[in-house]
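Student: Requesting a structural model of the entry that follows:
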Amino acid sequence: MDGNSLIKKYESMDSTVRGNWMNLWQECADWCYPTNDNINRIRVGGQEKPPQRMIDTCIEANYSFASGFFSHMFPPNTVWAKFRHPSPMMMANKNVANYFEEVSRIAHKIIIESNFAQEEFQSLLSLGCFGTNCIMMEEDDRNVVRFRNYIVDDIRIAENYLHDVDTIAREYTLTGRQVIQKFGEEAVKQAKLDKIFKEMEMGKDNKYKFIQYIAPREDFKYGSLKATEKPFASYHVSKDSKEIIKESGFDYNPFKVSRFMVGNEEIYGRSPMSMVLGTARRTNVVYRSLMISSEQQANPQWLIPDDDSVTGMSNRAGSFIKWRATNPNGKPERLAPNGNPALAKEMYDMHEDQIKRQFFNHLFRPLDQYRNMTATEVNERMTTDLMTLTPFVARYIEEHVTPVMNHLFYILQKRKLLPPVPQELSQSAEYEVDYVGRLSLATKSFETMGAVNTMRVFGELAQMNPQALQSLENVDYDKLFQEIWFANSSSMNALKDPAEVEEEREAKAEAAEQQQMMEAMPAMADAAQKVSGAVDPNSILAQEGLSGGE
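Tutor: Sure, this is the predicted structure:
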């Protein structure tokens, strides 16, 4: 593959977003992401950006969406992602549980010490605005990993036959000094960019355009250490000389792309902002009417004659307004305002609420709607409401978060930062990533409710027919407990060994039996004394004995 063909591939990918997509992204950014509103505009750094809107509701809604999604998906100072074995029985083994617990804490420490939080928040802002986000993950000598967010205008994507994004291309600009720092002098010469050295000698600080193209490599060699034989190929091409200045590769695609939702026959995602554009436009008009109506109420218009009999008109307090007193009909007067600010405010509030609900803000601020409820009721309502985000959370985990965690595990393993693998995993060396943030738990809560609801139903049936309780004898409560514990992402390391539990139960049963015997001993001793003692001559037994003797 040469530089010319790579440039043509990029131009083909770029042509798909020119026009409709670029215009859509530009308008979405105008409404809710003003720091990145130069999609199809040319701006100079530091230039003031004139406001394209009268309301900031969409900006607030997008920030609330990003911050709420982040705090519920990646709660700070919490191990929000745990590595574990797919089998609960394997996780019941202490050595396996301890291994994955330590792996999870190492991974969490690396994530916390990196710039993940800052870049991921920016990435979620892009998701809410554009519907497509991209974060790049690469190794770092200081913090092990480093992240960088790219907005959708900076990247071009393509899907494979499974509709997974596996090809990413981007165009970027470097100064001559940066080109030499990034690629080295020898690579610059081989790419036929000798003019960079000449221009630098002349004191010029020109900029040069490059294209990076990352795609699966068909002829890769599994396990190879050579960068040019790894599963994902990476090419850097100069747009000036049309030469490949660097070819390398990765075991994992460093670009993690996610889409909020995807339309039919579309590659790029649709965002909450794109779906609420009509409401945002109407809200802007309503707000303008509200301002005009409120201003007319506070400062009504004047009615004056058209014969220049009134001079010195002013709205300032204490001002003098002169009019010709000889003309009684020439006296200026205020017009009664006809606007209805209350109605305009009601309409504005309705539209504002629609925008915020489209960004799911109501799910992240439960105290605004769950009033006069107990903590249990609030938790149940929140869990049920958060289920409306399940399709988007599932897609985000599959396309974005899980690839990040798998890549991180690979880097930790490559750098020998993981603990020794226990012997129990030698025959089944596999893992899965479990997420314990509130959004993730909300999507999994119904996994454990099936068994609980079934048992509740049979408990209610037993009130009408006691034989229904016999059906519950089919349940192995120890296994059910482990399944629910595992499904709720609780630490398997906290569970006791089944053999230890059985020993404790036998010891408790033996102690209970001994206690029962000790409690029965006084009654037994009293009975023994009564049997072995003398017979009362006045008792029935004595009378019967006397009768027998006669």
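Student: from what I can see Pro231 touches Gly249, true?
Tutor: Yes: taking C-beta atoms under 8 Å as the definition, Pro231 is a contact partner of Gly249 at 7.3 Å. C-beta coordinates here come from the backbone N, C-alpha and C atoms, glycine included.
Student: Tell me the residues that contact both of these two, please.
Tutor: Arg217, Phe220 (C-beta atoms under 8 Å, 6 or more residues apart in numbering).
Student: doesn't Asp353 fall inside a helix?
Tutor: Yes: Asp353: assigned to a helix according to DSSP: H, G, I helix; E, B strand; the rest coil.
Student: those strands in the stretch 351-500 of the chain, which residues are they?
Tutor: Secondary structure of the stretch 351-500 of the chain (DSSP state E, counting those that start in this stretch): strands located at 432-435.
Student: and if you look at the stretch 51-200 of the chain?
Tutor: 81-84, 132-140, 144-150, 155-159, 165-175.
Student: want to try CSV for those strands, with mean neighbour count as columns?
Tutor: Shown next, in CSV, are the strands of the stretch 51-200 of the chain (neighbours: other C-beta atoms under 10 Å):
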stretch, mean neighbour count
strand 81-84, 23
strand 132-140, 20
strand 144-150, 19
strand 155-159, 19
strand 165-175, 18
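Student: Going by mean pLDDT, which of those strands comes out lowest?
Tutor: Set side by side, the strands of the stretch 51-200 of the chain differ in mean pLDDT, and strand 81-84 is lowest with a mean of 90.
Student: ok, longest helix in the protein?
Tutor: helix 498-532 (DSSP state H).
Student: from memory Phe116 sits against Arg148, does it?
Tutor: No: using C-beta under 8 Å, Phe116 makes no contact with Arg148, being 10.7 Å away.
Student: Return the residues in contact with the residue lying closest to Ala336 once chain neighbours are set aside.
Tutor: Once flanking residues are discounted, Ala336 sits nearest to Pro300: 7.0 Å by C-beta to C-beta, 6 or more residues apart in numbering. Shown in contact with Pro300 (C-beta under 8 Å, 6+ apart): Arg334, Leu335, Ala336, Pro337.
Student: ok so, going back, nearest to Ala523, out of the strands of the stretch 51-200 of the chain?
Tutor: For Ala523, the closest of the strands of the stretch 51-200 of the chain is strand 81-84, at 54.0 Å, according to C-beta to C-beta.
Student: Might you list the low-confidence residue ranges for this structure?
Tutor: 43-52, 365-386, 437-453, 477-480, 482-498, 524-550 (pLDDT under 70).
Student: is it possible to export the contacts of Pro300 to JSON lines including distance to Ser104, secondary structure and neighbour count?
Tutor: Listed next are these as JSON lines, based on distance: C-beta to C-beta, whole Å; DSSP: H, G, I helix; E, B strand; the rest coil; neighbours: other C-beta atoms under 10 Å:
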{"residue": "Arg334", "distance to Ser104": "71", "secondary structure": "strand", "neighbour count": "10"}
{"residue": "Leu335", "distance to Ser104": "71", "secondary structure": "coil", "neighbour count": "10"}
{"residue": "Ala336", "distance to Ser104": "70", "secondary structure": "coil", "neighbour count": "9"}
{"residue": "Pro337", "distance to Ser104": "64", "secondary structure": "coil", "neighbour count": "16"}
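Student: Closest one of the residues you listed to Lys182?
Tutor: Lys182 lies nearest to Pro337 out of the contacts of Pro300, by C-beta to C-beta, at 64.2 Å.
Student: So the closest one is in contact with Gln296, correct?
Tutor: Yes: proximity of Pro337 to Gln296 meets the contact threshold set by C-beta under 8 Å, at 4.3 Å.
Student: what is the orientation angle of whichever helix or strand Val257 is part of with strand 165-175?
Tutor: Here Val257 sits within strand 255-259, counting by DSSP states H and E. Interaxial angle of strand 255-259 relative to strand 165-175 (axes from the mean of the first three to the mean of the last three C-alpha atoms, to 10 degrees): 120 degrees.
Student: Only alpha carbons, please: show stretch 255-263 as CSV.
Tutor: Output of stretch 255-263 as CSV, limited to C-alpha atoms (Å, rounded to 0.1, in the frame of the first residue of the first chain):
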residue,chain,number,x,y,z
PHE,A,255,-8.9,4.5,18.8
LYS,A,256,-12.1,3.6,20.7
VAL,A,257,-15.2,4.8,18.8
SER,A,258,-18.7,4.7,20.1
ARG,A,259,-22.1,5.9,18.8
PHE,A,260,-25.1,6.9,20.9
MET,A,261,-27.5,5.4,18.4
VAL,A,262,-27.2,4.6,14.7
GLY,A,263,-29.7,5.2,12.0
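Student: residues of it that come out buried?
Tutor: Of the residues in stretch 255-263, Phe255, Lys256, Val257, Ser258, Arg259, Phe260, Val262 count as buried by neighbour count, 16 or more other C-beta atoms under 10 Å.
Student: got the contact list for it?
Tutor: 127-128, 131-137, 150, 155, 157, 163, 165, 168, 214, 268-272, 391-392, 395-396, 399-400, 403-404, 407.
Student: now stretch 102-116
Tutor: Against stretch 102-116 from outside (C-beta under 8 Å, 6+ apart): 77, 79-84, 140, 143-147, 405, 408-409, 412, 417-419.
Student: can you list contacts of stretch 31-47?
Tutor: In contact with stretch 31-47 (C-beta under 8 Å, 6+ apart) are residues 22-23, 25-26, 29-30, 49, 52-53, 58-59, 61-62, 125-126, 128-130, 151, 153, 273, 277, 280.
Student: among those, which are in helices?
Tutor: 22-23, 25-26, 29-30, 58-59, 61-62, 125-126, 128-130, 273, 277, 280.
Student: separation between Asp164 and Pro216?
Tutor: Using C-beta to C-beta, to the nearest Å, Asp164 is found at 10 Å from Pro216.
Student: For the residue nearest to Glu432 when sequence neighbours are not counted, grab the count of nearby residues.
Tutor: The shortest distance from Glu432 to any non-neighbouring residue, by C-beta to C-beta, 6+ apart, is to Pro86 (5.0 Å). Look at Pro86: counted by other C-beta atoms under 10 Å, it has 12 neighbours.
Student: correct me, but Pro86 touches Glu430?
Tutor: Yes: counting by C-beta under 8 Å, Glu430 is a contact partner of Pro86 at 6.4 Å.
Student: Just give me the neighbour total for the nearest residue to Thr279 once chain neighbours are set aside.
Tutor: Once flanking residues are discounted, Thr279 sits nearest to Gln354: 5.2 Å by C-beta to C-beta, 6+ apart. Other residues lying near Gln354 total 15 when counted by other C-beta under 10 Å.
Student: I'd say Gln354 and Gly278 touch.
Tutor: No: the criterion here is C-beta under 8 Å, and Gln354 misses it with Gly278 at 10.0 Å.
Student: Name the residues contacting each of these two.
Tutor: In contact with both Gln354 and Gly278: no residue, using C-beta under 8 Å, 6+ apart.
Student: Now for Val79: which residues touch it?
Tutor: Contacts of Val79 were listed using C-beta under 8 Å, 6+ apart, and they are Ser104, Arg105, His108, Val436.
Student: And it, its phi and psi?
Tutor: phi -70, psi 90 (degrees, to the nearest 10).
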